[in-house]
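S.K.: build me a structure from this.
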Amino acid sequence: MASAWYPLLLAGFPILGLYAVNYQEVSGTDVASVLATCFATTAVVLLLFRFVYGCFDRAAIGASWCILLIFSYGPVYSLNNILAAANASFFLRDRWLLPIYNILLLLGLWILFRWRFETRGTTRILRTFAVVTFAVSLLLLLRAALETPKTPRHGTIAAVSAVNPKGEALKRDIYYLVFDRYADNATLRREFQFDNADFTHALRERGFHLAEQSYANYPKTEISMASALNMNYHGDTIAQLPHYRDLLEQHQVGRVFTAMGYRYYHLGCPLDGLRDNPQAASNYRFSRMPTEFAEMLFRMTSFYPYFPSTDVRTQSIQKFDALPQIAAQRGVPKFVYAHFLLPHNPWKFNRDGSLVTPAVAASRTEAENYIHQLVYTNTRVLETIDNILARSETPPVIILQADEGPELRYEGDQTKPEITKIRKRVGILSAFYLPGRQSDEPLPAGIGPVNTFRLVLQQYYDPQMTLLPEKSFYWDPATSLGKPVWSRTSRFIDVTARIQRSENTTRIATK
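M.R.: Sure thing, here's the model as predicted:
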């Protein structure tokens, strides 16, 4: 029995290794929960195999065989990324890779049962391997902890004042539809050589107000949405990522509307803080896993093909289809948050909505893939708006907005001047359908996500609600993709004036 503990170390190795790689972005509580589940499951398997094999030495060998096969499936399957990059004509498929793994699993357990070999040598090898790999994962975790700056676990964000709603507005449903990394028209023309005028014209025909110079306040999803849904700016220093996820789970917009009697529908995305929301009466479910970390680990295992999460393409289709169904429901007013990973990569849609294969995506430039996905998004957005309006008893409030602009992943991005990169990251789609607001009444200049719900509250609920000065923040330092560097102490830098000067220079140059 004393020598049979090493399968616990084998089970812990991939968990701690994954934690070390994502140390700055994962909550220790999430890791502890996954670790406890895996340890408990391994212990149960050990006891079961002790009954089957008659001794703990063989039980430990059998459990180790299972662990090695289960956790090696994901890394082996990920070889498809290399094959795709090499334009290979074949890929590893679950339909034949899984049978191979199952045969290996059963064959190994059968040999262990039938072949009465001396187990001491095998036990010594497996125990040494388990100790070494677990020690390596601990060292990687220790290095990650030592290299992580002592940034605050919690940041600061002020609460909005109490809202005093007017009765008439309580009848209006509110839809906040977020399209991840959807660029503004200027960025699409300048960076992607694409004219999005047909789409914006179609929105205006339907009564939308377009904020032509809308900029993300923070071009990173969790930080941006935490600001938008709490209607305020963050402090000066970038806190650890779990802080923003905590803000999202208890966001003030949700508290305000649920307190008014709204039913909250949350159609989230895979990111923690946005996967689901405890305030919501209805959450869209796309995964059996409660957290992003558990999802990443589960995807590494051979169990995932049997119990897959809803893929990103299907998630988008299902959420588009769900919105008109929600609109048709009667009774209490509705607040709907729907977050689409569109036109965000991975590339899953051609312009006509058909599936883009890895080979086709690889044959295009990244910019071409982005535009294909954006055109499909435009089509579905207009269809969805029409269906929502047709099925709503009272004209609803509909907000179309991006959380951030495109990542700096496209051809030529890395050689551009810094201000050009910043403009690309912060220029976003921002459109408002505000019943009762005159069509010639302009939106506040450059309105961004932080003021989105302040404007809605001011328009319909509380005229005393004030808008904040519009600001855009970037990171110091920033990654090559234009994101915060979580492994270093980072601060927000106000780039509002720099963006405005750059835009003024561009307008003068084009006259």
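S.K.: could you pull out the strands for the stretch 101-250 of the chain?
M.R.: 174-179, 209-210 (DSSP state E, counting those that start in this stretch).
S.K.: which one of the ones you listed lies closest to Asn283?
M.R.: strand 174-179 (15.1 Å; C-beta to C-beta). From N, CA and C alone the C-beta is placed, and that goes for glycine too.
S.K.: packing partners of that closest one?
M.R.: Applying 3 or more C-beta pairs under 8 Å, 6 or more residues apart in numbering; DSSP states H and E, we find strand 174-179 packed against strand 334-340, helix 366-391, strand 397-401, helix 452-460.
S.K.: give me the mean pLDDT for the third one.
M.R.: Per-residue confidence for strand 397-401 averages out to 98 on the pLDDT scale.
S.K.: which SSE is immediately downstream of it?
M.R.: Per DSSP states H and E, the first helix or strand lying C-terminal to strand 397-401 is helix 418-426.
S.K.: how distant is that following helix from the center of its chain?
M.R.: Centroid separation between helix 418-426 and its chain, computed with C-alpha atoms, centre = their mean, to the nearest Å, is 21 Å.
S.K.: cool, stretch 173-180 as well?
M.R.: 15 Å.
S.K.: so what's Asn484 closest to, chain neighbours aside?
M.R.: Quick fix: residue 484 reads Pro, not Asn. Trp475 (4.4 Å; C-beta to C-beta, 6 or more residues apart in numbering).
S.K.: er, Ile174 I mean
M.R.: Val397 (4.5 Å).
S.K.: show me what contacts the one you found?
M.R.: 172-175, 432-435, 456, 460 (C-beta atoms under 8 Å, 6 or more residues apart in numbering).
S.K.: would you mind measuring from it to Thr148?
M.R.: Relative to Thr148, Val397 is positioned 41 Å away (C-beta to C-beta, to the nearest Å).
S.K.: for Asn350, same thing?
M.R.: For Asn350 relative to Thr148 (C-beta to C-beta), the value is 42 Å.
S.K.: ok, now Tyr23?
M.R.: Distance, Tyr23 to Thr148, using C-beta to C-beta: 6 Å.
S.K.: who has more neighbours out of those two?
M.R.: Higher neighbour count among Tyr23 and Thr148: Tyr23, with 19 against 15, using other C-beta atoms under 10 Å.
S.K.: pLDDT weak spots in the stretch 1-150 of the chain?
M.R.: 1-3, 149-150 (pLDDT under 70).
S.K.: circling back to that earlier point, out of the strands of the stretch 101-250 of the chain, deepest packed?
M.R.: Burial among those, expressed as mean neighbours by mean count of other C-beta atoms under 10 Å, is greatest for strand 174-179, which shows a mean of 23.
S.K.: which residues sit against it?
M.R.: With contacts defined as C-beta under 8 Å, 6+ apart, strand 174-179 is touched by 225, 257, 262, 323, 333-340, 342-343, 377, 381, 384, 388, 396-403, 429, 452-453, 456.
S.K.: quick one: buried ones out of these?
M.R.: The neighbour count (16 or more other C-beta atoms under 10 Å) marks 225, 257, 262, 323, 333-340, 342-343, 377, 381, 384, 388, 396-403, 429, 452-453, 456 as buried among these.
S.K.: contact partners of the helix or strand encompassing Leu323?
M.R.: Here Leu323 is covered by helix 312-327, with elements defined by DSSP H and E. For helix 312-327, the surrounding residues in contact (C-beta under 8 Å, 6+ apart) are 173, 175, 177, 265, 267, 269-270, 284, 286, 310, 334, 336, 338, 340-342, 346, 348-349, 355, 380, 383-384, 387-388, 390-392, 396.
S.K.: which strands and helices sit next to the top helix by length along the chain?
M.R.: Looking only at the chain and at elements set by DSSP state H, the helix with the highest residue count is helix 120-147. Contact here means 3+ C-beta pairs under 8 Å, 6+ apart; on that basis helix 120-147 packs against helix 6-21, helix 56-77.
S.K.: for whichever helix or strand comes after the shortest one, what is the distance to the chain centroid?
M.R.: Put plainly, it is helix 6-21. With elements assigned by DSSP H and E, the helix or strand that comes after helix 6-21 is helix 28-53. Put simply, helix 28-53 sits 29 Å off its chain's centre (C-alpha atoms, centre = their mean).
S.K.: okay, buried residues for helix 28-53 please.
M.R.: 30-31, 34-35, 38-39, 42, 45-46, 49-50, 53.
S.K.: make TSV from those and add distance to Ile419 to it.
M.R.: Output for these, formatted as TSV (distance: C-beta to C-beta, whole Å):
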residue	distance to Ile419
Asp30	37
Val31	39
Val34	42
Leu35	45
Cys38	47
Phe39	51
Thr42	53
Val45	57
Leu46	59
Phe49	62
Arg50	66
Tyr53	67
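S.K.: count of neighbours near the closest residue to Leu47 other than its chain neighbours?
M.R.: For Leu47, ignoring the flanking residues on the chain, the nearest one in space by C-beta to C-beta, 6+ apart is Ala59 at 7.8 Å. Using other C-beta under 10 Å, Ala59 is surrounded by 23 other residues.
S.K.: ok, now Ala183?
M.R.: Ala183: 27 surrounding residues under other C-beta under 10 Å.
S.K.: now Asn81
M.R.: Neighbour count for Asn81, taken as other C-beta under 10 Å: 11.
S.K.: how near is it to Ala88?
M.R.: 11 Å.
S.K.: equivalent analysis for Ala40, please.
M.R.: In terms of C-beta to C-beta, Ala40 sits 40 Å off from Ala88.
S.K.: ok, Asp440 next?
M.R.: Look at Asp440 and Ala88: by C-beta to C-beta, they are 57 Å apart.
S.K.: who's more crowded, these two?
M.R.: A count of neighbours by other C-beta under 10 Å puts Ala88 above the other of Asp440 and Ala88, at 13 against 6.
S.K.: give the contact list for the residue nearest to Leu47.
M.R.: Residues near Ala59 by C-beta under 8 Å, 6+ apart: 4, 46-50, 52-53.
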